[in-house]
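Participant: just to be clear, the model below is a prediction. Sequence and coordinates:
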Amino acid sequence: MSLDLAAPTQNAPGVATDGAWLECIACGEQFSPFAAIRYTCDTCDGLLEVRYADPPSFADFGAGEAPDRGVWRYRSGLPFDEGVSLPEGGTPLHHVPQIEEAVGIETLRIKHEGMNPTGSFKDRGMTVGVGVADELGVDRLACASTGNTSAALAAYGGRAGIQTLVLLPQGKVAAGKIAQASLHGARILEVDGNFDTCLDIVQDLAARGEVYLLNSLNPFRLEGQKTIGFEVLEEFHADHGTYPDRICLPVGNAGNTAALYKGFRELVQSGSLDPSDVPKLTGVQADGAAPMAEAVAEGRDEIRRWETVETRATAIRIGNPVNAPKALPGIRNTGGTAIAVSDSEITAAQRHLASEGVGVEPASAASLAGLKKLRRAGDIDDDEQVVCLTTGHLLKDTEAAYKTGGDPEPVPDDTDTILDHISSWSRFGPWCLLTPEKVGFCYFPSVSASIAVFECDSLRLLSRR
Ligand code: F0G
C-alpha cells in the first residue's frame, strides 16, 4: 500500500520534474507536478501526494546555504528550493515543567505553531502553495476557512501580489482572523453555511477554473506543513537523545495529521528514521465535531460526514475532514489514535497552557486536553515522552481568551486605595484557590483552617483537611 510506513522508494517516472511528481493515493496514477492545475486524481478523484525519487534525510537538512531555520531549511525534502516566504517555521518547542508534572509523564514539550508570521501553522503550507501558484501564474487564489487559512492566504497572496478570495462560515470565525484577512487585502465572503459547505463551493469555483484552490486538498500545502514534524524530531532528539513517543495535535480537516505522517514516511524511506521511532500520531477533535474520532473508535476506514457541528474551538468546527484518507492510515500505522474532548476540557487546557506562559487559541489547546484525557483513562504510561502541537496564537481569538481568563477589577486612580484593594490577597477569610485543574476552598473560621480541593472538570472532591 502506498501509504505504508515502510513503502519502498520509487524511481522517478517520466512525468517527474527534478525527481518529484504527483501520485494518486487511491489508484497510483502519476502526474507531472507543475504542467497543469489539478488537486485530485483525473481518473478516480482520489487525493494526490507529492512523491520524491530521493526522499529527504536528516543529513540533507540545512546542508550548505541559508536559511538555517524554518521551512526552507528543509528544501531538500520540498518540490523546489524557494517559495513566497515571510519567513515561516522555526517555532519554539517549549518546556512546560509544571504542566508536565501535572500530567505526570516523563517529558512534555509544546510545539507552538502560533509563533508563525500570521499566528498559525498554515503559513508553512502557504509558503509552498502560494509559491506554486506564483510559478503557475494564476491570477486568483481562494480558500474556504475557519479563519486561520484565510489569514495566511491573504498575507501570502498579498506578498505574491495575487488577488485573494476567502469564504468563511458566517458568524463562526474569530474576529482576529477576519481582521487579518481583511487588512492583508483579501476579498471576504461570509457564507450562510458551515466550513464544509464553504469548501464545497470553493472546490466548485476551482473546478470551473475561476480560482486556484489553497485548502489542504492542495497537495503542495501539506509539503510545507510536514516540516513541523522534521523540526520536532530534530529538536527533540537534540535535547533528549530520543524521538518523542507521541505527538498530539488538534484535527479539523486532518491536513496536518496527513502532513506529519508523510514527513515521517519519507524519513523512514530515506533510512533516517527507524519505523519503531515514528511518534504515535494522536488526533484530537472537539466532541461537537468529531468524525475522525468516531471513525477510529468504530474501526472504520472512511469517515461519516457530520452535517451539524458545534464547538467553541471554531478553528476545528469541521464535519467532513477531506484529508481523512491520508490521515487515518497515519494514525493507524503509527499506533496512534483519535479522540474527542469537551469544550470545557479544551478551555481548562487553554488556561493551563496560559498559566505557564504559552498563549494559544481554543482549538490549539485540544492537543493538551486530549493528552490529559488519555492519561486519565490510563491509555498513556507515565514514562511516555510527548509533544503537543499548539496550532494557533492566543490573540487570534481574544473573545475566547477573555472569557477563559479573569475579569479586570475596576479601581479608582489612587495608590492607597489600590494598595488596600490588592492587600485582600493576604487577608484571612474564605479563600478560593484556582488552578486549571483544581479549585480549592479554604476557611479560617477561628484558629483552625479547613481546606477542600475539587477537580475542576467534574467538581469531584479530591481532598479535605
Ligand atoms: N488548529 C487550528 C488553530 C486551525 O486553524 C486548524 C484548521 C486546525 C487546528 C486543524 O488543522 O485542518 O490540518 O486538521 N484550520 C483550517 C482553517 C480549517 O480554515 O483555518 P487540520
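Facilitator: Ah, there it is.
Participant: name the residues of the stretch 351-465 of the chain found near the ligand, please.
Facilitator: Residues of the stretch 351-465 of the chain that fall close to the ligand, judged by C-beta under 6 Å from any ligand atom: Glu361, Ala363, Ser364, Thr391, Gly392. C-beta: built from backbone N, CA, C; applies to glycine.
Participant: what about the third one, which helix or strand?
Facilitator: Taking DSSP states H and E as the criterion, Ser364 maps to helix 362-376.
Participant: CA atoms only for stretch 323-334, dumped as CSV, please.
Facilitator: The C-alpha coordinates for stretch 323-334 follow below in CSV (Å, rounded to 0.1, in the frame of the first residue of the first chain):
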residue,chain,number,x,y,z
ASN,A,323,-7.8,14.5,4.2
ALA,A,324,-9.1,11.6,6.2
PRO,A,325,-7.9,9.0,3.6
LYS,A,326,-4.4,10.2,4.2
ALA,A,327,-4.7,10.8,7.9
LEU,A,328,-6.4,7.6,9.1
PRO,A,329,-3.6,5.4,7.8
GLY,A,330,-1.2,7.8,9.6
ILE,A,331,-3.0,7.3,12.9
ARG,A,332,-3.3,3.5,12.5
ASN,A,333,0.2,2.8,11.1
THR,A,334,2.0,4.8,13.8
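Participant: can you tell me the SS state at Glu65?
Facilitator: State at Glu65, reduced to three classes by DSSP: H, G, I helix; E, B strand; the rest coil: coil.
Participant: now do the contacts for the spatially most central residue of the chain.
Facilitator: By C-alpha atoms, centre = their mean, the chain has its centre lying nearest to Thr391, at 3.9 Å. By C-beta atoms under 8 Å, 6 or more residues apart in numbering, Thr391 lies in contact with 113-114, 120-121, 148, 249-250, 256, 315, 360-361, 363-364, 367.
Participant: who wins for most neighbours among those?
Facilitator: Counting neighbours by other C-beta atoms under 10 Å, Ser364 leads the contacts of Thr391 with 35 neighbours.
Participant: find the nearest non-adjacent residue to that one, please.
Facilitator: Thr390 (3.9 Å; C-beta to C-beta, 6 or more residues apart in numbering).
Participant: for the one you found, give the beta-bridge partners.
Facilitator: Under DSSP bridges, the beta-bridge partners of Thr390 are His112.
Participant: is it true that it touches Ile110?
Facilitator: Yes - using C-beta atoms under 8 Å, Thr390 is in contact with Ile110, at 5.7 Å.
Participant: got any residues that touch both of these two?
Facilitator: Leu353, Val358, Leu368.
Participant: could I get these as JSON lines with pLDDT, neighbour count and distance to Glu23?
Facilitator: Listed next are the shared contacts of Thr390 and Ile110 as JSON lines, based on pLDDT from 0 to 100; neighbours: other C-beta atoms under 10 Å; distance: C-beta to C-beta, whole Å:
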{"residue": "Leu353", "pLDDT": "98", "neighbour count": "26", "distance to Glu23": "38"}
{"residue": "Val358", "pLDDT": "98", "neighbour count": "23", "distance to Glu23": "38"}
{"residue": "Leu368", "pLDDT": "98", "neighbour count": "32", "distance to Glu23": "35"}
